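S.K.: no sequence for this one, just the structure:
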Ligand SMILES: Nc1ncnc2c1ncn2[C@@H]1O[C@H](COP(=O)(O)OP(=O)(O)OP(=O)(O)O)[C@@H](O)[C@H]1O
């Protein structure tokens with residue numbers, strides 16, 4: 001579904017992603033891990049068209065994404081939950097969800113919001129509340145809901161469990177498994193390595209912008225040496 005070939009990316013003069021190649025198959029959860037500053041966020045941003053400069057090839061269901069703008073990538077069915085969540089201040093939960101529909105060009109608004117509210121009971125009770133007045137974990141759930149309301153084929157998630165209380169992290173895991181079972185493909189960047197590896201079928205590690213390890217998630221879960229070498233905080 002997603003084929004990344006010799007991807008390179010830069011912030012100005014700093015070259016932060018180096019010849020990165022990996023694939024994500026349809027319907028799987030892939031964990032992308034590595035220590036702080038390894039280049040995980042930059043990789044997701046390059047896939048989404050949000051890096052100042054990116055070169056190489058990123059194919060999504062055969063279409064080369066790099067020549068396309070970020071908006072066109074959303075429309076092809078790629079969803080993105082950035083690390084900083086970007087819940088819009090001054091807008092209610094419902095209005096934040098509507099933004100997800102608008103950017104994907106989906107118009108059956110009432111049905112879409114009813115449907116998403118069933119999957120996120122915590123949001124259902126708060127549809128008319130300001131999004132930014134919710135807890136950090138609830139805002140993260142809103143950011144995820146906003147990304148999946150348009151039914152993307154694949155979602156890139158940047159450290160969704162960061163700073164979230166354990167009960168919500170648990171709920172998030174259930175949600176990700178359900179999304180996968182419904183056919184959504186997930187690329188999950190995480191610092192919470194054990195949690196991510198328990199959800200994923202495959203794992204990729206990047207270090208200093210390069211791919212240094214690729215295996216089944218179970219194999220990496222069992223390999224504490226590699227985890228310590230590349231994922232220790
Ligand atoms: N806006 C920016 N301008 C310049 N350099 C940046 C910028 N954002 C990140 N970098 C640098 O790019 C490199 C990769 O950072 P990136 O955020 O992709 O790593 P990461 O693995 O996602 O780490 P983290 O877990 O801390 O988010 C780091 O050296 C970082 O300092």
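M.R.: Yep, that arrived. The shown structure was predicted, so the numbers you read here are calculated from the model rather than taken from an experiment.

S.K.: When you work out contacts or count neighbours from here on, use the C-alpha atoms and nothing else.
M.R.: OK.

S.K.: Could you measure from the spatially most central residue of the chain over to residue 171?
M.R.: The chain has residue 157 as the residue nearest its centroid, 1.4 Å off, counting by Cα atoms, centre = their mean. Per Cα to Cα, to the nearest Å, residue 157 is found 15 Å from residue 171.

S.K.: and residue 146, that's in a helix?
M.R.: Yes - counting by DSSP: H, G, I helix; E, B strand; the rest coil, residue 146 is part of a helix.

S.K.: just checking, it touches residue 94?
M.R.: No - Residue 146 lies out of contact with residue 94 (Cα atoms under 8 Å); the separation is 9.5 Å.

S.K.: ok, those two, which is more surrounded?
M.R.: Counted by other Cα atoms under 10 Å, residue 146 and residue 94 do not tie: residue 146 has more neighbours, with 26 against 20.

S.K.: what helices or strands is the longest helix along the chain leaning on?
M.R.: Looking across the chain with DSSP state H, the single longest helix is helix 166-181. Where contact means 3 or more Cα pairs under 8 Å, 6 or more residues apart in numbering; DSSP states H and E, helix 166-181 is packed against strand 185-189, helix 193-199.

S.K.: Enumerate the residues of the chain near the ligand.
M.R.: Within reach of the ligand by Cα under 6 Å from any ligand atom, the chain has these residues: 11, 16, 35, 36, 37, 38, 39, 40, 41, 42.

S.K.: could I get those as a markdown table with secondary structure and neighbour count?
M.R.: Shown next, in a markdown table, are the residues of the chain next to the ligand (DSSP: H, G, I helix; E, B strand; the rest coil; neighbours: other Cα atoms under 10 Å):
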| residue | secondary structure | neighbour count |
| --- | --- | --- |
| 11 | strand | 13 |
| 16 | strand | 20 |
| 35 | coil | 20 |
| 36 | coil | 15 |
| 37 | coil | 13 |
| 38 | coil | 21 |
| 39 | coil | 23 |
| 40 | helix | 27 |
| 41 | helix | 20 |
| 42 | helix | 21 |
